[in-house]
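**Student:** let's see this in three dimensions:
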Amino acid sequence: MAATDDDDLDFEFDREDMPDRHGPADLGPPSLIVDDLHVSYRVFGAKRGGAVTGGKPSLFNRLRWRLQGNVGATSEVKAVRGVTFVAHHGEAIGIVGTNGSGKSSLLRAAAGLIPPNKGAVYVDNEPSLLGVNAVLMRQLTGERNIMIGGLALGLSVKEVRERFDEIVDFADIGDFVYLPMKTYSSGMAARLRFAISSVATPDILMIDEALATGDADFKQRSKARIEEIREHAGTIFLVSHSLETVRRMCTRVLWLDKGKLVADGEPEEVTEAYRQHVRAEREKRQKKGRPEG
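**Tutor:** Alright, predicted model coming up:
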């Protein structure tokens, strides 16, 4: 990955040797419809008027809040605000936005993992959010997780066994497959999840930063697998900070900002507009922090 003058921005340029993006496939009927989707989170125990922070508060902080009279205080985080779009069979849709823009919340709501506060999501088949994240167990071996994950995706025991070597080779984890997943690096775990998730050629595959790990060879194999799913009239959603990866792999890009859909269109146009926006925001912050004189 080559360095650029945008290294401090909230995205990456991946300059690896990647093939040019394929043209859009012949699109089929809608596979997923998001209609005026709103997703909000309530953070309990947060002091009113204060900053909202993630994670479970410590015992000390909970006791301190009680002593300060903040029992029952809540803060609302609006993660997704009125997003509407239609995805079709044969599309590869990238989702870009700065941290906290609602990308992951949108995918989780579309996959049915979290309920919307308002609006609706309609799908013609069950989406797979990197397929089996909720099923895989860190205390079990990779071998056992492959079986559990394959069964969760609808494969039979025989089919999982037949594809076992293919999954291990794709994930490039070798004999680590016989060790508990808690011993894996984040990259190894991500590669195994992607290998399991995509082996069944799902109709709707949602990928959240899974391609950020792995070497160039793994990325090339991942791109080939995504293209194969598209050719079988599947729908791909890809969240990534690598604008080059999004531009090369996707036929369409959604840009989210503060939970709202800012743009929906051609990859080159949307990623360039997003890049210019982030650069302008950075320059504003730099000017604001510059002493006058």
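**Student:** quick one: name whatever helix or strand follows the least confident helix or strand in the chain by mean pLDDT.
**Tutor:** None of the helices or strands of the chain scores lower by mean pLDDT, DSSP states H and E than helix 59-67, at a mean of 64. Scanning forward in sequence from helix 59-67 by DSSP states H and E, the next helix or strand is strand 74-88.
**Student:** who's in contact with that following strand?
**Tutor:** 27-46, 48, 50, 52, 93, 102, 105-106, 109, 116, 119, 204, 235, 237, 254, 256, 258-261, 264 (Cβ atoms under 8 Å, 6 or more residues apart in numbering). (Glycine included, C-beta is placed from N, CA and C.)
**Student:** give me that answer again for 7 Å
**Tutor:** Here strand 74-88 makes contact (Cβ atoms under 7 Å, 6 or more residues apart in numbering) with 27-44, 46, 52, 93, 102, 105-106, 109, 235, 254, 259-261, 264.
**Student:** then stretch 107-124?
**Tutor:** 31-40, 80, 127, 129, 204, 206, 208, 237, 239.
**Student:** in strands, which of these fall?
**Tutor:** 31-40, 80, 129, 204, 206, 208, 237, 239 (DSSP state E).
**Student:** narrow these to just the buried residues.
**Tutor:** 31-32, 34, 37-39, 80, 129, 204, 206, 208, 237, 239 (16 or more other Cβ atoms under 10 Å).
**Student:** which one of those residues sits closest to Glu159?
**Tutor:** Distance to Glu159 across those (Cβ to Cβ) is lowest for Ile204, with 19.9 Å.
**Student:** in this structure that closest one contacts Pro30, no?
**Tutor:** No. Taking Cβ atoms under 7 Å as the definition, Ile204 is not a contact partner of Pro30, at 11.1 Å.
**Student:** ok, back up a step: need the worst-confidence member of the buried ones among the ones in strands among the contacts of stretch 107-124.
**Tutor:** For these, the model is least confident at Leu129; its pLDDT is 66.
**Student:** what backbone torsions are found at Asn99?
**Tutor:** phi -60, psi 130 (degrees, to the nearest 10).
**Student:** on the pLDDT front, check it for me.
**Tutor:** Reported pLDDT for Asn99: 87.
**Student:** could you list the low-pLDDT ranges of the stretch 51-200 of the chain?
**Tutor:** 51-74, 128-135 (pLDDT under 70).
**Student:** again, only this time at 90
**Tutor:** 51-77, 90, 99-100, 104, 107-108, 111-114, 124-138, 148-155, 185-200 (pLDDT under 90).
**Student:** please enumerate the strands of it.
**Tutor:** Using DSSP state E, counting those that start in this stretch, the strands found in the stretch 51-200 of the chain span residues 74-88, 92-96, 118-123, 128-129.
**Student:** of these, flag the one that's most buried.
**Tutor:** Counting by mean count of other Cβ atoms under 10 Å, strand 92-96 has the highest mean neighbour count of the strands of the stretch 51-200 of the chain, with a mean of 26.
**Student:** what strands flank that strand, and is each parallel or antiparallel?
**Tutor:** strand 235-239 (parallel), strand 252-257 (parallel) (DSSP bridges).
**Student:** so what's the gap between the longest one and the chain middle?
**Tutor:** Computed by Cα atoms, centre = their mean, to the nearest Å, the chain-centroid distance of strand 252-257 equals 13 Å.
**Student:** ok, the shortest one next?
**Tutor:** Distance of strand 235-239 from the chain centroid (Cα atoms, centre = their mean) equals 8 Å.
**Student:** equivalent analysis for stretch 279-293, please.
**Tutor:** Its chain's C-alpha centre and that of stretch 279-293 lie 31 Å apart, by Cα atoms, centre = their mean.
**Student:** can you check stretch 262-271 too?
**Tutor:** On the basis of Cα atoms, centre = their mean, the separation between the geometric centre of stretch 262-271 and that of its chain is 18 Å.
**Student:** okay, buried residues for that stretch please.
**Tutor:** Result for stretch 262-271 [16+ other Cβ under 10 Å]: buried residues 262-263, 267, 270-271.
**Student:** follow-up on the earlier one: just the buried ones among the ones in strands among the contacts of stretch 107-124 now: which is nearest Gly150?
**Tutor:** Lowest distance from Gly150 to those (Cβ to Cβ) belongs to Leu129, with 16.3 Å.
**Student:** so for the chain, the centremost residue is which one?
**Tutor:** In the chain, the C-alpha nearest the mean C-alpha coordinate belongs to Asp208, at 1.8 Å (Cα atoms, centre = their mean).
**Student:** is the closest residue in space to that residue that isn't next to it in sequence bridged to anything, and to what?
**Tutor:** The shortest distance from Asp208 to any non-neighbouring residue, by Cβ to Cβ, 6 or more residues apart in numbering, is to Val239 (4.6 Å). Taking DSSP bridges, one obtains Ile95, Asp208 as the residues bridged to Val239.
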